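Novice: any chance you could fold what I've pasted below:
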Amino acid sequence: MASPPLVPLFPLGLVLVPDELLPLHIFEERYRDLVRDCLAGDQPFGIVLFQEGRMREVGCLATIRDVVTRYEDGRLDIVVSGVSRFRVVDVVRSRSYLQAEAATMPEADADPDSPERERLITQHIKLLELAGRTPSPSIYQDREVLSYFIALNAGLSVDQKQTMLELPGEQERIDYLIEHMAAFIPRVEEAETLRRKISTNGHFPDFPT
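Specialist: Alright, predicted model coming up:
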């Protein structure tokens, strides 16, 4: 049996999740090679978090959706789309860029009618409203995988987003986001209250002088 094709690796200081769009400015020669090879072979590449000198094992496959700009000096502006999770099994150093023997990570389904799913949607709508947006509940409908969509606007740190990406399935990600939202929304509310107090007349009117 033939071995699966190697996955080109693009280590970055960020986390990509499935269905997320990400603009990238490609300037290093090795990553220009990577993009050229992926375009020529219609092949995805893997984005993995690189942090404090360490590359994480779980990343996200990305496909090149658009080449926005080709500069005269060879640099590129591209837009990629997250496809699916993968796990690095072994790193191969045979080209200018890293490649990996990779294993797919199947998604464990969650109940589309679960109370946890509805709770997370309610939390997310509240968070977006605090940010001055008026989301329609319809944006959450027909999304088999809700967690990745919500993670794009949930105030997650890089480490939190990576932790979520590594969880085994959708239900675990939903539970993780519910816990995050329960702690994050009160902080946003507190910050908004403070902003409103300051914007009234430039000081705290209830403070004794």
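
Novice: contacts made by stretch 41-57 with the rest, please.
Specialist: Applying Cβ atoms under 8 Å, 6 or more residues apart in numbering, the contact partners of stretch 41-57 are 5, 7-16, 22, 34, 37-38, 58-63, 80, 82-83, 86-88, 91, 100, 102, 158, 162, 166. All C-beta spots, glycine's among them, are computed from the backbone N, C-alpha and C.

Novice: surely Gly13 and Val158 touch.
Specialist: Yes. If you go by Cβ atoms under 8 Å, Gly13 and Val158 touch, sitting 7.1 Å apart.

Novice: more neighbours: which of those two?
Specialist: Val158 (13 against 9; other Cβ atoms under 10 Å).

Novice: which of the residues in stretch 149-164 are buried?
Specialist: Phe149, Ile150, Ala151, Ala154, Leu156, Gln160, Lys161, Gln162, Thr163, Met164 (16 or more other Cβ atoms under 10 Å).

Novice: can you put those in CSV and add distance to Gly46?
Specialist: Shown next, in CSV, are the buried residues of stretch 149-164 (distance: Cβ to Cβ, whole Å):
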residue, distance to Gly46
Phe149, 21
Ile150, 23
Ala151, 18
Ala154, 23
Leu156, 20
Gln160, 20
Lys161, 16
Gln162, 14
Thr163, 18
Met164, 17
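
Novice: okay, Ala40 and Ile26: tell me how far apart.
Specialist: 15 Å (Cβ to Cβ, to the nearest Å).

Novice: buried residues in stretch 50-60?
Specialist: Phe50, Gln51, Met55, Arg56, Val58, Gly59, Cys60.

Novice: could you list every residue that touches Pro18?
Specialist: So Pro18 contacts Cys60, Gly82, Val83, Ser84, Arg85, Val145, Tyr148 (Cβ under 8 Å, 6+ apart).

Novice: would you list the phi and psi of Arg87?
Specialist: Note on Arg87: backbone dihedrals following degrees, to the nearest 10 are phi -120, psi 130.
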